[in-house]
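Q: Based on what follows, work out the 3D shape:
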Amino acid sequence: MRVGSFEFNLRELAGSMGDFGTLFPLAIGYIVVCGMNPAGFLVMMGLAKIATGVFYRLPMPIEPMKVLAVVAIAQRWSPSMVCASAFGMGVIWLAFGLTGVMGWIAKATPHAVVRGIQMALGFLLALKAFNMLSTWWALGLLCVILALALRRNRFAPGAIVLVAVGLLIMLARRQLGGIPAPTLDLPPLTTFELDEVWATLLLAGFA
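A: Next up, the predicted model:
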């Protein structure tokens, strides 16, 4: 489907499922461990993705910052501390963007550093995947084969097929029955103190 300069197809939908491995685990940690309201958290993430997609005319990966999320979940930050850290980092990134500091940092950073970080993250994710496959190795091997075989398929992208397989497994094991029906719930307004902004920047933001 094409609307103006925008195009939405199955391959775009499959690409969006990459967030299942990055956004969802951090979001669940924020909600379960830190007590963030799921309605407010997920709705605001969705609005941010739509806004940046319309503004930049391409899909943008809007996700929680990894270092902040890991520290916040590990230390069980309160919702006010999470919001304070987001505010503080937002101010910093806005200042960097308006002053051109981000462009200077991008030029000064060697490509080898960026590629090294990407490769290290890829290896870590691969090792984690192998550990998770150790209990269901036959199914895991089948999923890897499906992902490779369908990686260029326009009508049945691998990511969509794998998510469908996961849902069928949950259905066969009767794990979908415990999911409650959606309800309308307005999230509470979370406020924070200025000293929490500085504290969270010291704990994880500057890192």
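Q: so what does the biggest helix by length in the chain touch, helix or strand wise?
A: Looking across the chain with DSSP state H, the single longest helix is helix 111-133. Where contact means 3 or more C-beta pairs under 8 Å, 6 or more residues apart in numbering; DSSP states H and E, helix 111-133 is packed against helix 137-149. Bear in mind the C-beta positions are built from the backbone N, C-alpha and C, glycine included.
Q: Report the inter-axis angle for the helix it packs on versus helix 111-133.
A: Angle, helix 137-149 to helix 111-133, by axes from the mean of the first three to the mean of the last three C-alpha atoms, to 10 degrees: 140 degrees.
Q: quick one: buried residues of helix 137-149?
A: residue 143 (16 or more other C-beta atoms under 10 Å).
Q: Equivalent analysis for stretch 155-171, please.
A: Those would be 157-162, for stretch 155-171 by 16+ other C-beta under 10 Å.
Q: How about the contacts made by the residue most central in space within the chain?
A: The chain has residue 23 as the residue nearest its centroid, 2.0 Å off, counting by C-alpha atoms, centre = their mean. Neighbouring residues of residue 23 by C-beta atoms under 8 Å, 6 or more residues apart in numbering: 45, 63-64.
Q: Would you convert the buried residues of stretch 155-171 into JSON lines that also reports pLDDT, distance to residue 173 and secondary structure?
A: JSON lines is the format used below for those (pLDDT from 0 to 100; distance: C-beta to C-beta, whole Å; DSSP: H, G, I helix; E, B strand; the rest coil):
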{"residue": "157", "pLDDT": "79", "distance to residue 173": "25", "secondary structure": "coil"}
{"residue": "158", "pLDDT": "79", "distance to residue 173": "23", "secondary structure": "helix"}
{"residue": "159", "pLDDT": "77", "distance to residue 173": "22", "secondary structure": "helix"}
{"residue": "160", "pLDDT": "81", "distance to residue 173": "21", "secondary structure": "helix"}
{"residue": "161", "pLDDT": "84", "distance to residue 173": "19", "secondary structure": "helix"}
{"residue": "162", "pLDDT": "83", "distance to residue 173": "17", "secondary structure": "helix"}
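Q: List just the nearest of those to residue 82.
A: When the buried residues of stretch 155-171 are compared for distance to residue 82 (C-beta to C-beta), residue 159 comes out closest, at 28.9 Å.
Q: just checking, that closest one touches residue 14?
A: Yes: with contact defined as C-beta atoms under 8 Å, residue 159 and residue 14 form a contacting pair (3.9 Å).
Q: Which residue is the nearest non-sequential neighbour of residue 31?
A: For residue 31, ignoring the flanking residues on the chain, the nearest one in space by C-beta to C-beta, 6 or more residues apart in numbering is residue 38 at 4.9 Å.
Q: With residue 95 instead?
A: Looking at residue 95 with C-beta to C-beta, 6+ apart, the closest residue is residue 101, at 7.6 Å.
Q: now that neighbour: how far from residue 167?
A: 45 Å (C-beta to C-beta, to the nearest Å).
Q: In which helix or strand does the nearest residue to residue 87 once chain neighbours are set aside reside?
A: What sits nearest to residue 87 in space, not counting adjacent residues and going by C-beta to C-beta, 6+ apart, is residue 197, at 6.0 Å. Assigned by DSSP states H and E, residue 197 falls within helix 194-200.
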